[in-house]
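Engineer: Mind folding the following:
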Amino acid sequence: MVEFDADTRRELQKAADALAEAVRHHRAHDESNAARHLASAVRYSPLTSSLEAAAETLGRLLERKA
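Structural biologist: As a prediction, the model looks like this:
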């Protein structure tokens, strides 16, 4: 198992925070587009899905002990 030093963990947390903001932005954009087009369901873009997957992966990495 890989363990991260404090500096690496801090930088990974910064990246996780940035990814979380990007996910929120793109989800809101996709939802807005669906509402604008009176869609019955929201279809999230491939970019939104990829950002979510990256955020989940990074979250799992950060859950490991310090």
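Engineer: tell me the SS of the residue of the chain positioned farthest from its centre?
Structural biologist: In the chain, the greatest distance from the average C-alpha position (CA atoms, centre = their mean) is reached by L38, at 26.0 Å. Of the three states, L38 takes coil according to DSSP: H, G, I helix; E, B strand; the rest coil.
Engineer: And it, its phi and psi?
Structural biologist: The phi/psi pair for L38 (degrees, to the nearest 10) reads phi 60, psi 40.
Engineer: when you give positions from now on, start the count at 377
Structural biologist: Right, with 377 as the first residue, what we last looked at is L414.
Engineer: Could you check stretch 427-442 and say which residues are buried?
Structural biologist: Residues of stretch 427-442 classed as buried by neighbour count (16 or more other CB atoms under 10 Å): L427, E428, A431, L434. Any C-beta I mention is one placed from the backbone N, CA and C, and that applies to glycine too.
Engineer: hey, where'd the helices end up in the chain?
Structural biologist: 382-412, 422-439 (DSSP state H).
Engineer: A417 contacts A410, correct?
Structural biologist: Yes. Judged on CB atoms under 8 Å, A417 makes contact with A410 at a distance of 7.1 Å.
Engineer: quick one, which of these two is more surrounded?
Structural biologist: A410 (15 against 5; other CB atoms under 10 Å).
Engineer: ok, the more buried one - contacts?
Structural biologist: A417, V418, R419 (CB atoms under 8 Å, 6 or more residues apart in numbering).
Engineer: let's see 10 Å
Structural biologist: S416, A417, V418, R419, Y420 (CB atoms under 10 Å, 6 or more residues apart in numbering).
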